[in-house]
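A.B. asks: Generate a structure from the sequence data that follows.
(2 chains)
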There are 2 protein chains.
Amino acid sequence: MKLYDYPKAPNPRRVNIFLAEKGIEIERVPVDLMKAEQLKPEYRAKNPACDVPMLELDDGTCISQIRAICRYFEEIEPSPPLLGSTPTEKAQCEMWEHLASMNGLLAIAEVFRNTAPGFAGRAGVGPHSYEQSPELAERGLHRVSNFFTDFDQRLSDNDYVAGDFYSMADITTLVACDFARWIKQEIPAECSNLRSWYDRISQRPAVQANS
Amino acid sequence: MKLYDYPKAPNPRRVNIFLAEKGIEIERVPVDLMKAEQLKPEYRAKNPACDVPMLELDDGTCISQIRAICRYFEEIEPSPPLLGSTPTEKAQCEMWEHLASMNGLLAIAEVFRNTAPGFAGRAGVGPHSYEQSPELAERGLHRVSNFFTDFDQRLSDNDYVAGDFYSMADITTLVACDFARWIKQEIPAECSNLRSWYDRISQRPAVQANS
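C.D. replies: The predicted structure is shown next:
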């Protein structure tokens, strides 16, 4: 089993924190996104979505997409649970992880990829060419602002993003907060619930080991 | 337990097909998106994301986001499995369901919500106001075209979207193909694998009952 990895990028970091929380060691194969190695034919043959990370199982099956990779590890190594324990917790984790992905990470990525000069002509993730869109970058900035406010509200009466248990929803939200620095955005001072949650989660050994 | 529903829209339809496949009957509460009932204070108090469908459990817990609602039902009623049976199948289902959501449904929604006159000033799903973006609509059309081609390729050597088993990934892909008609797009004639898969899946009783 091998994980194709680029630890500096936010999506691989989500998986790396997840694995560290479970204490799973795995062989890693570096894929240098700065050299566009994810678009090379041999990688594309394994992963047509051309994104990183990707998990290659011993039988050759290749799994991409963060939630899919994490699901695999949750199934083979259920302890500690990071996707919830009861049906309700599992649903809450999926719900909040999805909202953190869509309204946090994706919004930030929309700003970053539609403004950074290096992404001209490839503003989307994956094999297809899309031109940068100033409108999408501008919308992204509004979305990031709403993400901070909405998650601050959520954390006003919950210890963790998905409720009263630590989960993948916290990992994705934390990675989004750090990724926001790439577009020069920070958790606003008035979002005190989000800030104190951030300070608490940042101190976890699995997060510190992947910072 | 109640499902807040608007069966004409693509996201509620995903859950409704999922429930029909499992033979689950549930009380439904209509929420009329055409009257923006999802933005009313009483609904927003239950679901700050202001989207439909939403599942309200008997203890008052409210679950939004399709994958979260489906996860809950998969946990309480595992048969027939619709999110995969083995760790590998579960990961493949998550992977392809995610790709169908992001590259299919979301791309189509980007076109629809950024061009339909009724969505002026609220081009995003949820409580926040975003202006329509012609650039995003244009990008969406390219993305939809790539979605059809990519999934046709995937189905050239797989009976189902996630592999050799029927799953939520098929449901989301089918709903995306139908949703594409809202923006006057069809599966292209040359995508013969996708077309024959579509014809086969469309005949399932659970799909026919929610068409």
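
A.B. asks: hey, let's count contacts and neighbours off CA atoms from now on
C.D. replies: OK.

A.B. asks: what's the domain layout of chain A?
C.D. replies: Following automatic domain parsing, one gets these domains for chain A: A:2-76, A:87-208.

A.B. asks: interface residues of chain A facing chain B?
C.D. replies: Within chain A, the residues that sit near chain B (CA under 8 Å from any CA of the partner chain) are A:63-65, A:67-69, A:71-72, A:75-76, A:87-88, A:90-95, A:98, A:128, A:130, A:133, A:135-136, A:139, A:146.

A.B. asks: mind listing the helices in chain A by residue range?
C.D. replies: Remark: helices assigned in chain A by DSSP state H are A:10-22, A:41-46, A:66-76, A:87-99, A:106-113, A:134-154, A:168-179, A:192-202, A:205-208.

A.B. asks: Name the residues of the second one that are buried.
C.D. replies: Using 16 or more other CA atoms under 10 Å in any protein chain shown as the test for burial, helix A:41-46 gives A:43, A:44, A:46.

A.B. asks: How about the last one?
C.D. replies: Applying a neighbour-count criterion of 16+ other CA under 10 Å, the buried positions in helix A:205-208 are A:206, A:207.

A.B. asks: So which elements touch it?
C.D. replies: helix A:10-22 (3 or more CA pairs under 8 Å, 6 or more residues apart in numbering or on different chains; DSSP states H and E).

A.B. asks: Output the helix it packs on as CSV, restricted to C-alpha atoms.
C.D. replies: Taking Å, rounded to 0.1, in the frame of the first residue of the first chain, the C-alpha atoms of helix A:10-22 are listed here in CSV:
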residue,chain,number,x,y,z
PRO,A,10,-3.7,21.3,2.0
ASN,A,11,-5.5,18.2,0.7
PRO,A,12,-2.6,15.8,1.3
ARG,A,13,-2.3,17.4,4.8
ARG,A,14,-5.8,16.4,5.6
VAL,A,15,-5.0,12.7,5.0
ASN,A,16,-1.6,13.0,6.8
ILE,A,17,-3.2,14.4,9.9
PHE,A,18,-5.9,11.7,9.7
LEU,A,19,-3.2,8.9,9.5
ALA,A,20,-1.2,10.4,12.3
GLU,A,21,-4.3,10.5,14.6
LYS,A,22,-4.7,6.8,13.9
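
A.B. asks: what's the offset of it from the middle of its chain?
C.D. replies: 8 Å (CA atoms, centre = their mean, to the nearest Å).

A.B. asks: go on, stretch A:158-172?
C.D. replies: Per CA atoms, centre = their mean, the centroid offset for stretch A:158-172 relative to its chain is 14 Å.

A.B. asks: go on, stretch A:105-122?
C.D. replies: Remark: stretch A:105-122 is offset 15 Å from the chain centroid, using CA atoms, centre = their mean.

A.B. asks: Show the end-to-end separation of that stretch, please.
C.D. replies: In stretch A:105-122, first residue to last residue: 18 Å (CA to CA, to the nearest Å).

A.B. asks: Give the buried residues for it.
C.D. replies: Residues of stretch A:105-122 classed as buried by neighbour count (16+ other CA under 10 Å): A:105-115, A:119-120, A:122.

A.B. asks: coming back round to it: make a ChimeraX selection of whichever of the residues of chain A next to chain B turn out to be buried.
C.D. replies: Restricted to buried positions by 16+ other CA under 10 Å, the ChimeraX selection for those reads:
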select /A:63,64,65,67,68,69,71,72,75,87,88,90,91,92,93,94,95,98,130,133,135,136,139,146
